[in-house]
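with the sequence up front, the predicted model follows.
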Amino acid sequence: MRIGIIGGGQLAAMLVRVDQERLHHFLILDPHPECPAVQAGGQHVPGNPVNGEGFARLAELSDVVSIDLENVCVDELSRLAQQGTFILPQTELLSKIVNKFEQKKLLQQLAIPTADFIACDGTMPIEESPFGFPVVQKAARGGYDGRGVQVLKSLDDNASRLQVPGYLERYIERKMELSVIVAADTRGDVRAYQPVEMQFHEAGNVLDLLIAPARIHKELARSAERLAISTISAMQGAGIFGVEMFLTQDDQLLINEISPRTHNSGHFTTEACETSQFAQQLRILTGQPLGDVVQRQAAVMFNILGQDGFEGATLVEVADEASSYEGVTIHLYDKSSCFPGRKMGHVTVLNHDIDAALNTAAEIRGKIIVRGENPIEN
């Protein structure tokens, strides 16, 4: 089967690699001919995910088209879908999810619990917030890896506000941030992996540490799974979805955001689960039944981010003992350039004891450094 993927980053690369028997042909639309997914074995198709350049050519070459990022030209995808191109997730849903403001309105229309919000165009200073301060400002489009989100603590933060269309959202005091990966096929089968616990870098708002399964009561975990499944079912979605949630101080679950693709919070499934999120994605795209989502061992995952103070061609420094730890798998994304905070890889640690996995992760973190070759001049 010929599978077209818009975007050639690490998510597309991991999808290509999961097809170990090379039963399918992957076509990767990306501006860069040496992007990670092409290095993993995909065929490069020149194009630009943002403006739709090359989409028609990709559609001609493919039996099915999917995405590895959200900042895509949905209008061009919709045009191709109307002409008969099979696209997953469906373009009707993509148009409502990739725009975060439209996504919030959809959640509201479906009576799915989420934080209160109002529109905000970003052009005028925020003189007051109906939710008080702190308040969260989010961009409607283009936000990922901590970008497109700003926490405004007072009126004095107006200078750093996002000056783009989006919305203001009530700041939620929470015990924990959770994520549930949901797999939904085109036959109506919808399955959820166990909820995972996410800890974030405060400054960059990017995932720092993931603990799977989340350290919450079993009934609360089941409630999170049910909420994630009911949300994707209500949206009539097909594909892989990362459903991020807030667990409030009084144990209420609120949907934060939904990503219509494989997700950073699901990387642990490659080592820890019977069927990884990428294997599920391949099953969905090729019309095969969903696999078992059971998790075999506890897992801890952390991202390898580009080191502060450097940019340019990627340099990787991995201490010899880093790969000698039992249960440790290091994934590097083969990105040719690096800048501070860029996702350059991740590490998964398996153990039957979650505390032991956490200890191993803490020991190994400083032994893996990825940075640009050039110091950044102030």
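Okay, I see it.

tell me the contacts of the nearest residue to residue 94 once chain neighbours are set aside?
In space, and not counting its chain neighbours, residue 94 is closest to residue 74: 5.2 Å by Cβ to Cβ, 6 or more residues apart in numbering. (C-beta placed from N, C-alpha, C; glycine too.) Shown in contact with residue 74 (Cβ atoms under 8 Å, 6 or more residues apart in numbering): 91, 94, 95, 98.

one more: residue 108?
With contact taken as Cβ under 8 Å, 6+ apart, residue 108 is in contact with residue 114.

just say helix, strand or coil for it.
helix (DSSP: H, G, I helix; E, B strand; the rest coil).

now the lowest-mean-pLDDT helix or strand in the chain: buried residues?
Ranking every helix and strand in the chain by mean pLDDT, DSSP states H and E puts strand 149-152 at the bottom, with a mean of 88. For strand 149-152, burial by neighbour count (16 or more other Cβ atoms under 10 Å) applies to 149, 150, 152.

list of residues touching it?
Strand 149-152 is contacted from outside by 126, 129, 133-139, 143, 157-158, 160-162, 171, 205, using Cβ under 8 Å, 6+ apart.

and the buried ones among these, selectable in ChimeraX?
Selection of buried members from the contacts of strand 149-152 for ChimeraX, criterion 16+ other Cβ under 10 Å:
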select :126,129,135,136,137,138,139,143,157,161,162,171,205
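
show only the entries of the contacts of strand 149-152 found in helices.
Judged by DSSP state H, helices contain none of the contacts of strand 149-152.

please narrow the contacts of strand 149-152 to those residing in strands.
135, 136, 137, 138, 139 (DSSP state E).

how far away is the first one from residue 64?
Note on residue 135: its distance to residue 64, by Cβ to Cβ, to the nearest Å, is 41 Å.

what about residue 95, neighbour count?
Residues near residue 95, counting by other Cβ atoms under 10 Å, number 14.

tell me the pLDDT of the closest residue to residue 31 other than its chain neighbours.
Distances taken as Cβ to Cβ, 6+ apart place residue 48 nearest to residue 31, at 5.8 Å, with adjacent residues excluded. On pLDDT, residue 48 comes in at 97.

now residue 48: how far from residue 133?
Going from residue 48 to residue 133 by Cβ to Cβ gives 39 Å.

with residue 251 instead?
Using Cβ to Cβ, one gets 25 Å for the distance from residue 251 to residue 133.

again, but for residue 29
42 Å.

just residue 79 next, same as before
For residue 79, the distance to residue 133 - Cβ to Cβ - is 43 Å.

what does residue 198 give?
24 Å.

same check on residue 249?
In this view, residue 249 and residue 133 are 18 Å apart by Cβ to Cβ.

which elements pack onto the helix or strand containing residue 311?
In the assignment (DSSP states H and E), residue 311 maps to strand 310-318. Counting contacts by 3 or more Cβ pairs under 8 Å, 6 or more residues apart in numbering; DSSP states H and E, strand 310-318 packs against strand 337-338, strand 368-375.

now the element after that strand, going C-ward?
Remark: after strand 310-318, the chain's next helix or strand is strand 328-332, criterion DSSP H and E.

name every strand pairing with that next one and say which way it goes.
For strand 328-332, the paired strands and their directions (DSSP bridges) read strand 343-351 (antiparallel).

got the CA positions of the strand it pairs with in CSV?
Extracted C-alpha coordinates of strand 343-351, given in CSV (Å, rounded to 0.1, in the frame of the first residue of the first chain):
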residue,chain,number,x,y,z
LYS,A,343,13.1,18.1,20.2
MET,A,344,16.1,16.0,19.2
GLY,A,345,15.1,12.6,20.7
HIS,A,346,13.6,10.9,23.6
VAL,A,347,14.6,8.2,26.1
THR,A,348,12.2,5.5,27.5
VAL,A,349,13.0,3.6,30.7
LEU,A,350,11.1,0.4,31.5
ASN,A,351,10.8,-1.2,34.9
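
tell me what angle it forms with strand 310-318.
For strand 343-351 against strand 310-318, the angle by axes from the mean of the first three to the mean of the last three Cα atoms, to 10 degrees is 30 degrees.

quick revisit: just the ones of the contacts of residue 74 in helices?
Counting by DSSP H, the contacts of residue 74 contribute 91, 94, 95 to helices.
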